[in-house]
Structure formats: C-alpha cells, structure tokens
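> give me the fold of what follows.
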Amino acid sequence: MGQFQPVTHVLFDMDGLLLDSEEIYSRAIQEVSDRYGGKPFTWELKVRQMGLVSADLAALVVKELELPITADEYLAEVGPVNVRLFPSANLMPGAERLLRHLHSKGVHIALATSSSRENYELKTTHHGSVFQLFQHIVTGSSDPEVKHGKPAPDIFLICASRFPEPAPHPSSCLVFEDAPNGVKAARAAGMQVVMVPDPRMDPLLTQEATLVLKSLEDFKPELFGLPAYD
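All right, here's what the predicted structure looks like:
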C-alpha cells in the first residue's frame, strides 16, 4: 500500500473535477465584469476562487475586479448568465467510468460541491444518470449545515456524516478534488485526497494532496484498497 491508507468511502468535488464547468464560470464572471468595465478575470484570481461557496466567490470577484456593485448584486447579475451557460457543462475524462465502477462494486460514494442546489441542477441537466449514482449530495452554497466554505473542512465532514450508520471515520474517506481550497478542506477534515489539477496549476499548489494525477483516467482504485477495474 505504500504511503496510501485503505478507505471505504469516497467523496467527490464536482466543478473542474467531474464536470468541465470551470471555464464556464470564467466566461460568466468576465461577462458581468465587462458590463461594468471591470478588470480581466485572470488565472491567478481563478485559482483563488476555485471551490468557494457562492457568497465568498461573489465577494472576492467584486473586490478584485473592482466592480461598482455589491456581492448580492453581482449574484443577481450572474444568475441568468449561469442559467444560460451551465447546462453545456460536459463530463471530464474518466469521470463516468470511475463513478460507475465504484457504484457497481458497492463502494459508498457521495458528492460534496460548493455549488448551490440550483446551480447543481443546471450543471447536471444532461448527466442525471451519472449523478444519481451518489448516495447523497451536499450543495455547500445552499446547505444550512455548511457554516464555512472551503478551505474549511465543514462540507467534507458533513458529507461523511450523512452516510448510513455507522458513519465513517474521516481517515476512512478519500476525497477527489481539483482545487487547492478543496485539498486544504479535505486535509483539514483528516481525509486523504486525490488531486486532478488544471494543467496550468502551479505545482506548488498541489503539494498538500496525497496523490496528484493528470486525469481521473489515471486513477488506480486498488492503491487505496478499493476494488480494481475489471
């Protein structure tokens, strides 16, 4: 097993990991910024906003792009843009294969996304059969129990606690993430984490992950004591 510990439960982030939705976020943010003559939405800022709940993301965008509106006004403006763009999100390579494999082998899997329930529904419009494989879904921006967004550990601890009794110990959970904030949150929760970062990501921002992969297609479940692909 080497440096990896066996796990029984697996928690997945969604944006940028299972769904290719991060570029859609970027387009939506830039569209609103352009209306107000705001600054360009840069990659450096992109990395900082990955994994944030809606309120924190809005506050960051308004501040850093110097928009002459409040965070709430920003959310009201970007909402219709999201409704238009989010349904076009495609699954990332290897995502469906991995989820169907774990589900077929009886592995406990759940989704822990910073998205609101509304945005989750929009993004998964064309992928319902895949997302129905999860035992449960936690949408951080609209779940009253998630008091603090990533990089706080709340969303992963709450997601783990909602598995059937007996709920797993954090050390028995493996998290899949693409964002530094998500990796920090998983580590703070006491969980191992597989990171599949955007290829543009600074390698220094991937160092806290248990394992870093270029694609979900490269994951070997048996490394963490999970059933191997047939």
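> what about the residue nearest to residue 112 when sequence neighbours are not counted, distance to residue 104?
Ranked by CB to CB, 6 or more residues apart in numbering and with sequence neighbours excluded, the top spatial neighbour of residue 112 is residue 159, at 4.1 Å. C-betas here are computed from N, CA, C, even on glycine. For residue 159, the distance to residue 104 (CB to CB, to the nearest Å) stands at 21 Å.
> next one: residue 184
On the measure of CB to CB, residue 184 and residue 104 end up 32 Å apart.
> and those two? which has more neighbours close in?
Comparing residue 184 with residue 104 by other CB atoms under 10 Å, the one with more neighbours is residue 184, at 20 against 11.
> give me the element that one is part of.
Per DSSP states H and E, residue 184 falls inside helix 180-188.
> avg pLDDT for that helix?
Here helix 180-188 scores 97 as its mean pLDDT.
> list the helices and strands whichever helix or strand comes after it packs on?
Next helix or strand after helix 180-188 toward the C-terminus (DSSP H and E): strand 192-195. Contact partners of strand 192-195 among helices and strands, from 3 or more CB pairs under 8 Å, 6 or more residues apart in numbering; DSSP states H and E: strand 173-177, helix 180-188, strand 211-212.
> ok, now with 6 Å
Secondary-structure packing of strand 192-195 (3 or more CB pairs under 6 Å, 6 or more residues apart in numbering; DSSP states H and E): strand 173-177, helix 180-188.
> tell me which of these is the most buried.
Among the helices and strands packed on strand 192-195, ranked by average contacts under mean count of other CB atoms under 10 Å, first place goes to strand 173-177 (a mean of 27).
> can you list the domain ranges for the protein.
9-20+89-224, 22-87 (automatic domain parsing).
> these: which one's closest to residue 3?
Distance to residue 3, taken as CB to CB, is lowest for domain 9-20+89-224 among the domains of the chain, at 7.5 Å.
> compute the first-to-last residue distance for the closest one.
Start-to-end span of domain 9-20+89-224 (CA to CA, to the nearest Å) is 10 Å.
> stretch 110-125 too?
Note: stretch 110-125 ends 18 Å apart using CA to CA.
> now do stretch 158-176
For stretch 158-176, the end-to-end distance is 16 Å (CA to CA).
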